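Visitor: my questions concern the predicted model and sequence given below.
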Protein chains: 2
Amino acid sequence: MSKNNNKQVIGLFGFGVVGEGLHHVLQNSHTTHAEIKKICIKDPEKQRSLPAEHFTLDPSEILDDPEVNLVVELINDAEDAFGIVSQALSRGKSVVSGNKKMIAHHLPELIALQETHGAALLYDASACGSIPVIRNLEEYYDNDLLLSLTGILNGSSNFVLSRVFSEHKGYHQSVKEAQELGFAEADPSLDMGGWDSLYKLVILALHGFGALVNPEEVFVSGISNLQAGDIRFAREKGYRLKLVAQATKINGKSFNLMVMPKMVTEDEYIYNVENEYNGVIIEGAFYEKQFMFGKGAGGHPTGSSVLSDITARMHGYRYEYKKRKYFNIPQHTNEVVVKVYLRFKNLLDFSHFEFESIEEKLSSKEYNYVIGHIKLSNLLPLRKLIQTLDVFLAFLEKPSV
Amino acid sequence: MSKNNNKQVIGLFGFGVVGEGLHHVLQNSHTTHAEIKKICIKDPEKQRSLPAEHFTLDPSEILDDPEVNLVVELINDAEDAFGIVSQALSRGKSVVSGNKKMIAHHLPELIALQETHGAALLYDASACGSIPVIRNLEEYYDNDLLLSLTGILNGSSNFVLSRVFSEHKGYHQSVKEAQELGFAEADPSLDMGGWDSLYKLVILALHGFGALVNPEEVFVSGISNLQAGDIRFAREKGYRLKLVAQATKINGKSFNLMVMPKMVTEDEYIYNVENEYNGVIIEGAFYEKQFMFGKGAGGHPTGSSVLSDITARMHGYRYEYKKRKYFNIPQHTNEVVVKVYLRFKNLLDFSHFEFESIEEKLSSKEYNYVIGHIKLSNLLPLRKLIQTLDVFLAFLEKPSV
């Protein structure tokens, strides 16, 4: 590792929960090697916790400042973020970003920009808040032994599921509560629909398997359609419902990604991951199962993760995307079968789902479900449609061939 | 990070459970960049799983071979290990070692040898088997925010405590079972007495706080004196007993290390760490609590951890001991008070313990205990004596001033 211990002069984009959290963490971390020079914001009217001279509305004040050697991008809009990040990298400025949507959609370009211009992009804060999952997949599990990743990657939806499940609250009331506590966005569909988990999973897959996967090719369903019957079913059978991002190596040569609620049994490590926490199980051929657990949402945990990326840059650290270079990269496939619980209201809704086999079926006036095996390639085209149907889908076992 | 992707030609010392595990893992990891050239063993009579030409009895066949660029040291004896490791480093050969006792006792020399000769020493396998704790403390939590480390660092004693506690087996029978399953050494005193945990804790403290602590200055007590009354007490109060290695930052400027059984409550993450598993809670000012969990004993988990160090060397990775360079290193202190449970048979035994305050006292014919606060500086001189007394000590709360 090169001893590039230059001071990091930071241009910060965005001063929301995480940006402010970072500022606070940085002030209290006794680091004299990193300093925020300027903060670029969008809304000049919003009340800020710092004096006006810290802020600018003009991105070029940061991007054109030769003294700024690190851009920290913490804004919401993915396309705006990509514009900032690609401009910064093109000018040789390294970047720390937490924008999973932007990163998941632009990984090939972002890798190319780093290679062309020599600047580095770090984004450990983009997945699992304070848990160093990306860095560990890249550096520590840097071999061909990885079998699966099973993660609760979204703190907001997990918070809601905890409320609904352990505290017997309603879904909509719980979403409102999560918003009030700052764990959920004004528009909760990204979190509750599983999209946020999907973006994170695509990033983890790159560092876990070396593979670039288009988010459009990954099946995702969320918890927005959760109903009392689903909760009752899970409780009666001893399950807890968790929104799970699952990466599974299939027969050594391919792998599958998917995001879906899971009926989790008591003996699974993620069973006890509650509220805004995240947890990831890393399963490998010889180390068996490892579990990492920590706060996945909130300004301070995410801010401290951004700080880790900043100090890593101080030491010249960059992702090497090692698995892309040294191993045969497995192919992403949806030609796998997964065992699911599908609750539906009417047969017209049900008719969209083509099961390979059905193991259990319950019909009643108010509540019908089927448990059976279904191909993910049959589910994939239904990603958008499912949201409009009165159905709820959850898986019971990892996909297999 | 330098792109020193040279092939690692390995000279292996020791072919016990971990050495053999490494060989197996390496063969199955599809890594073409690392190869074991020669294995140095001590006992020529022992049956081996590989043909004789792989082995040598002469260390110089490895140490003098210019082609060998990495020495992997996996022998038991700490002083022999130090001899091998220091010779290898002096000849510019990098080393991967899992020998916690050797490392904990020789950290200053080992750091100096690396600096003088430019070779690197990696030892992630020395603490927590397959959990990458050292690497994370060094690389990810590389800031001044660390508040405490709380770990179950020894798989053997944890296995015994699980048997005793959850399966109502006797202590001696459980130790025997652990030995039969390969989780405990023929002489169990290193594991059960807390010494193994102590060595690991000293290593973690270096990477967590940047501080070099002499193992002699750390209080340690183990589970060898555990009796039915202690288990009954814990069960009745809703505790589980775990052998805990504890590092605690005190008022920002100093910190304390200790190893002691702990009465663990249900809401602590380590409560559910059972059998041969290890678990570490990393607590920081802003990321709050992180928990890492995985297999801590056995040839394959430890072998895969050694493999991670080997591939890290492939990429030129070395510990930079960053916290020693960039932060004010806190001082180790035993001038802290800890709340303990002390069970004793007779008042003569009890008289060795000078309590600051006593909160609860139970006397009966067969079983007496005291719960109160005691200074660690008063306990430290009793490290050896305690083993000979009929007493059992466990802590209830982290040390404080």
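Guide: In hand now; what should we look at? Numbers count the residues shown, from 1 in each chain, chains lettered A, B, ... in the order given.
Visitor: please make it C-alpha for all contacts and neighbour counts, starting now.
Guide: Fine.
Visitor: part of a helix, is residue A:83?
Guide: Yes: looking at residue A:83 with DSSP: H, G, I helix; E, B strand; the rest coil, it is inside a helix.
Visitor: for it, give its distance to chain B.
Guide: 28 Å (CA to the nearest CA, to the nearest Å).
Visitor: burial count for that residue?
Guide: Using other CA atoms under 10 Å in any protein chain shown, the number of residues around residue A:83 comes to 11.
Visitor: then residue A:347?
Guide: For residue A:347, the neighbour count with other CA under 10 Å is 9.
Visitor: quick one, what contacts the closest residue to residue A:366 other than its chain neighbours?
Guide: Residue nearest to residue A:366 in three dimensions, not counting chain neighbours: residue A:345, with 7.1 Å by CA to CA, 6 or more residues apart in numbering or on different chains. Residue A:345 sits next to A:366-368, A:390-391 when contact means CA atoms under 8 Å, 6 or more residues apart in numbering or on different chains.
Visitor: so residue A:345 versus residue A:263, what's the distance?
Guide: Going from residue A:345 to residue A:263 by CA to CA, to the nearest Å gives 20 Å.
Visitor: residues touching the spatially most central residue of chain A, list them.
Guide: Closest to where the C-alpha atoms of chain A average out (CA atoms, centre = their mean) is residue A:200, at 2.7 Å. Shown in contact with residue A:200 (CA under 8 Å, 6+ apart): A:100-101, A:104, A:126-127, A:153.
Visitor: likewise residue A:19?
Guide: A:12-13, A:74, A:299, A:303.
Visitor: repeat that for residue A:358.
Guide: Applying CA under 8 Å, 6+ apart, we find residue A:358 in contact with A:370-373.
Visitor: ranges for the helices of the stretch 201-350 of chain A?
Guide: A:228-236, A:299-314, A:322-326, A:347-350 (DSSP state H, counting those that start in this stretch).
Visitor: hey, which of those helices is tucked in deepest?
Guide: Highest mean neighbour count among the helices of the stretch 201-350 of chain A (mean count of other CA atoms under 10 Å in any protein chain shown): helix A:299-314, with a mean of 26.
Visitor: from the contact counts, what lies against that helix?
Guide: Helix A:299-314 sits against strand A:8-13, helix A:17-28, strand A:94-97, with contacts defined as 3 or more CA pairs under 8 Å, 6 or more residues apart in numbering or on different chains; DSSP states H and E.
Visitor: can you redo the ones you listed as JSON lines with distance to residue B:140 and mean pLDDT?
Guide: Formatted as JSON lines, those follow (distance: least, CA to CA, whole Å; pLDDT from 0 to 100):
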{"stretch": "strand A:8-13", "distance to residue B:140": "17", "mean pLDDT": "96"}
{"stretch": "helix A:17-28", "distance to residue B:140": "15", "mean pLDDT": "86"}
{"stretch": "strand A:94-97", "distance to residue B:140": "14", "mean pLDDT": "97"}
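Visitor: which of those is buried the deepest?
Guide: Among the helices and strands packed on helix A:299-314, strand A:94-97 has the highest mean neighbour count (mean count of other CA under 10 Å), at a mean of 26.
Visitor: that one close to chain B?
Guide: No: Strand A:94-97 is not in contact with chain B by CA under 8 Å from any CA of the partner chain; minimum separation 14.4 Å.
Visitor: same deal with stretch A:282-294?
Guide: Yes: Stretch A:282-294 reaches chain B (CA under 8 Å from any CA) through A:286-294.
Visitor: check which element follows the strand or helix carrying residue A:149 along the chain.
Guide: Here residue A:149, judged by DSSP states H and E, is contained in strand A:146-152. Where DSSP H and E defines the elements, the next helix or strand beyond strand A:146-152 is helix A:155-166.
Visitor: now for the helix or strand just after that next one, which elements pack on it?
Guide: Downstream of helix A:155-166, the first helix or strand assigned by DSSP H and E is helix A:171-180. Counting contacts by 3+ CA pairs under 8 Å, 6+ apart, helix A:171-180 packs against helix A:155-166.
Visitor: re the thing from before, can you list the contacts of residue A:19 in JSON lines and add distance to residue A:67?
Guide: Formatted as JSON lines, the contacts of residue A:19 follow (distance: CA to CA, whole Å):
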{"residue": "A:12", "distance to residue A:67": "13"}
{"residue": "A:13", "distance to residue A:67": "16"}
{"residue": "A:74", "distance to residue A:67": "20"}
{"residue": "A:299", "distance to residue A:67": "27"}
{"residue": "A:303", "distance to residue A:67": "23"}
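Visitor: and which of these is nearest to chain B?
Guide: The nearest member of the contacts of residue A:19 to chain B, counting by CA to the nearest CA, is residue A:303 at 8.0 Å.
Visitor: wait, that closest one sits on residue A:21?
Guide: Yes: between residue A:303 and residue A:21 there is a contact under CA atoms under 8 Å: 5.1 Å.
Visitor: what ranges do the strands span in the stretch 201-350 of chain A?
Guide: Remark: strands assigned in the stretch 201-350 of chain A by DSSP state E, counting those that start in this stretch are A:219-220, A:240-250, A:254-264, A:277-284, A:288-295, A:331-332, A:337-344.
Visitor: so which of those strands comes closest to residue A:195?
Guide: With CA to CA, the closest approach to residue A:195 among these belongs to strand A:219-220: 7.0 Å.
Visitor: residues touching residue A:382, list them.
Guide: By CA under 8 Å, 6+ apart, the contact list for residue A:382 reads residue A:352.
Visitor: what's the weakest-modelled helix or strand in chain A?
Guide: Sorting the helices and strands of chain A by mean pLDDT, DSSP states H and E puts helix A:322-326 at the bottom, at a mean of 81.
Visitor: which elements pack onto that helix?
Guide: Here helix A:322-326 touches helix A:195-209, going by 3+ CA pairs under 8 Å, 6+ apart.
Visitor: could you redo the last one with a cut-off of 7 Å?
Guide: Helix A:322-326 sits against no helix or strand, with contacts defined as 3 or more CA pairs under 7 Å, 6 or more residues apart in numbering or on different chains; DSSP states H and E.
Visitor: and residue A:361, how far from residue A:354?
Guide: Distance of residue A:361 to residue A:354, given as CA to CA: 14 Å.
Visitor: wait, does the lengthiest helix in chain A contact chain B?
Guide: Looking across chain A with DSSP state H, the single longest helix is helix A:100-117. No: for helix A:100-117, no contact with chain B is found by CA under 7 Å from any CA of the partner chain; the gap never falls below 14.1 Å.
Visitor: next, the buried residues of that helix.
Guide: Within helix A:100-117, the residues that qualify as buried are A:100-107, A:110, A:113-114, counting by 16 or more other CA atoms under 10 Å in any protein chain shown.
Visitor: that helix - what's its average pLDDT?
Guide: The average pLDDT within helix A:100-117 is 96.
Visitor: so what touches that helix?
Guide: For helix A:100-117, the surrounding residues in contact (CA atoms under 7 Å, 6 or more residues apart in numbering or on different chains) are A:78-79, A:81-82, A:89-90, A:92, A:120-121, A:126, A:199-200, A:202-203, A:215.
Visitor: with stretch A:204-220 instead?
Guide: Contacts of stretch A:204-220 (CA under 7 Å, 6+ apart): A:104-105, A:134, A:137-138, A:194, A:198-199, A:202, A:257-260, A:321, A:323-324, A:329-330, A:332, A:379-380, A:383.
Visitor: touching, residue A:337 and residue A:398? I think so.
Guide: No: if you go by CA atoms under 7 Å, residue A:337 and residue A:398 don't touch, sitting 8.8 Å apart.
Visitor: circling back: derive a PyMOL selection command for the buried subset of the contacts of residue A:358.
Guide: A single PyMOL command selects the buried members of the contacts of residue A:358 (16+ other CA under 10 Å):
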select buried, chain A and resi 370+371+372+373
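Visitor: make a markdown table out of the contacts of residue A:358 and add distance to residue B:159 and pLDDT.
Guide: Shown next, in a markdown table, are those (distance: CA to CA, whole Å; pLDDT from 0 to 100):
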| residue | distance to residue B:159 | pLDDT |
| --- | --- | --- |
| A:370 | 41 | 97 |
| A:371 | 38 | 98 |
| A:372 | 39 | 98 |
| A:373 | 38 | 98 |
